[in-house]
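Q: Output the structure for:
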Amino acid sequence: MSEPVNRTERSAARGAPTVVVAGGGTAGHIEPALALADAVKRLRPDASVVALGTERGLESRLVPARGYPLELIPPVPMPRKPTADLLRLPLRVRDSVRRTRQVLDRVGADVVVGFGGYVALPAYLAARGRVPIVVHEANKHAGLANKVGARFARRVAVAVPGTTLPGAEVVGIPLRSSITGLDRPGLRAEARAHFGLDPDAPTLLVFGGSQGARSLNVAVSGAAKELADAGIGVLHAHGPKNTLAVQEFPGRPAYVPVSYLERMDLAYAAADMVLCRSGAMTVAEVSAVGLPAVFVPLPHGNGEQALNAQPAVDAGAALLVDDAELTPAGVAELVVPLVTDADRVGKMSAAAVGLGHREADEVLARMVLEAAGT
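A: Down below sits the predicted model:
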């Protein structure tokens with residue numbers, strides 16, 4: 001096997017670093033990776049940023065749309081149960097690592113930055129001993145990929161205190177500048193016109209992550225009459241694999257269903273309150289723009305989403321509702337009075353300001369460039 005290239009010497013001689021980001025599958029992995037990419041380019045316009053991903057992930061659409069090259073590698077999903085896939089896993093990992101190593105060599109990677117998930121694991125294993133690694137973990141409880149990557153990473157960045165990864169440095173979650181610098185009042189009229197919403201009505205934004213959430217869809221659409229009777233407009237992203245038929249009420253504020261929100265900045269600007277899941281990325285964005293929230297954590301998993309939402313709840317910026325309690329009646333009894341209470345909405349919005357780390361993208365970018373030797 002050939003000796004690893006001295007990346008630091010080569011980068012210093014060339015001057016322009018190549019950063020490879022590995023965060024595919026869901027928006028919760030992809031968006032922080034792209035926010036970091038944007039920050040790297042702001043700090044070092046001469047830098048090259050390349051994303052790793054798979055054909056089936058959202059990155060196949062989101063990454064090219066943001067102007068970054070995407071290199072495809074075989075995914076290595078971890079089976080949840082003992083199946084034939086588990087027996088084939090070592091071979092799949094070896095193949096994916098081999099293909100990933102070829103990509104790193106071809107693009108001349110100076111540093112690999114992983115955000116967890118099935119794209120990050122082969123990236124960490126391919127880079128080990130050859131290219132410096134930086135790990136970013138968004139949740140308090142790290143996933144398998146980041147637990148592996150952190151063992152031989154140059155730097156480990158985390159979003160919240162209390163993560164057990166070795167050498168963890170709390171930086172927050174990298175967010176797009178279009179979110180951290182969002183002028184909600186200034187964009188409100190444009191945003192509502194963009195989505196066809198009532199320009200003056202109190203407005204509820206509903207979404208369940210990049211794929212939607214069936215329970216949120218059923219509960220909120222089932223309360224469409226109560227929302228309309230209260231004079232509330234709704235912008236509801238139901239997910240690209242779901243459909244949503246909502247009864248129209250002439251003369252009342254519009255209930256606007258969309259499959260996916262391409263312009264989250266405008267969606268946030270159009271809203272007075274949001275009802276959504278509480279993934280780490282979602283909580284960070286909602287808090288950054290100062291939106292009051294009703295968070296409905298996923299009803300399965302390790303309870304991570306409830307932990308994500310708790311700081312906003314403790315600050316008075318959000319409410320936490322169990323998925324089982326979110327019914328059409330629950331929306332009518334809890335959400336409708338809340339959205340129409342302008343005084344409480346204002347206090348919750350003020351409480352959200354200051355939560356999180358608004359400079360996380362550039363803090364992480366500096367860590368990455370330092371690891372790359374530039």
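Q: tell me, which helix in the protein spans the most residues?
A: For the chain, the helix with the greatest residue count under DSSP state H is helix 84-107.
Q: what's the helix or strand that that one is followed by in contact with?
A: Going down the chain from helix 84-107, the next helix or strand is strand 111-114, by DSSP states H and E. Contacts of strand 111-114 with the rest of the structure, by C-beta atoms under 8 Å, 6 or more residues apart in numbering, involve 7, 17-23, 33, 36, 104, 120, 123-124, 126-127, 131-136, 145-146, 149, 154, 364, 368-369, 371-372. Using the backbone N, CA and C atoms, a C-beta is placed for each residue, glycine as well.
Q: If you count neighbours, what's buried in strand 111-114?
A: Within strand 111-114, the residues scored as buried using 16 or more other C-beta atoms under 10 Å are 111, 112, 113, 114.
Q: what mean pLDDT does it have?
A: Model confidence over strand 111-114, given as mean pLDDT, is 98.
Q: Pairing partners for it, with directions?
A: With DSSP bridges as the criterion, the sheet partners recorded for strand 111-114 are strand 18-22 (parallel), strand 133-137 (parallel).
Q: any idea how far it is from the chain center?
A: 17 Å (C-alpha atoms, centre = their mean, to the nearest Å).
Q: thinking again about what came up before, could you tell me the angle between the longest helix of the chain and strand 18-22?
A: Counting by axes from the mean of the first three to the mean of the last three C-alpha atoms, to 10 degrees, helix 84-107 points 170 degrees away from the direction of strand 18-22.
Q: Just the CA atoms of stretch 334-345, as PDB, please.
A: Included here for stretch 334-345 are C-alpha records, laid out as PDB according to Å, rounded to 0.1, in the frame of the first residue of the first chain:
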ATOM      1  CA  LEU A 334     -54.300  24.300  22.600                       C
ATOM      2  CA  VAL A 335     -52.900  25.700  19.400                       C
ATOM      3  CA  VAL A 336     -55.800  27.900  18.200                       C
ATOM      4  CA  PRO A 337     -55.900  30.000  21.400                       C
ATOM      5  CA  LEU A 338     -52.200  30.300  21.500                       C
ATOM      6  CA  VAL A 339     -51.700  31.500  17.900                       C
ATOM      7  CA  THR A 340     -54.400  34.200  18.400                       C
ATOM      8  CA  ASP A 341     -52.900  35.500  21.600                       C
ATOM      9  CA  ALA A 342     -50.700  38.200  20.200                       C
ATOM     10  CA  ASP A 343     -49.300  39.200  23.700                       C
ATOM     11  CA  ARG A 344     -48.200  35.600  24.500                       C
ATOM     12  CA  VAL A 345     -46.800  35.100  21.000                       C
END
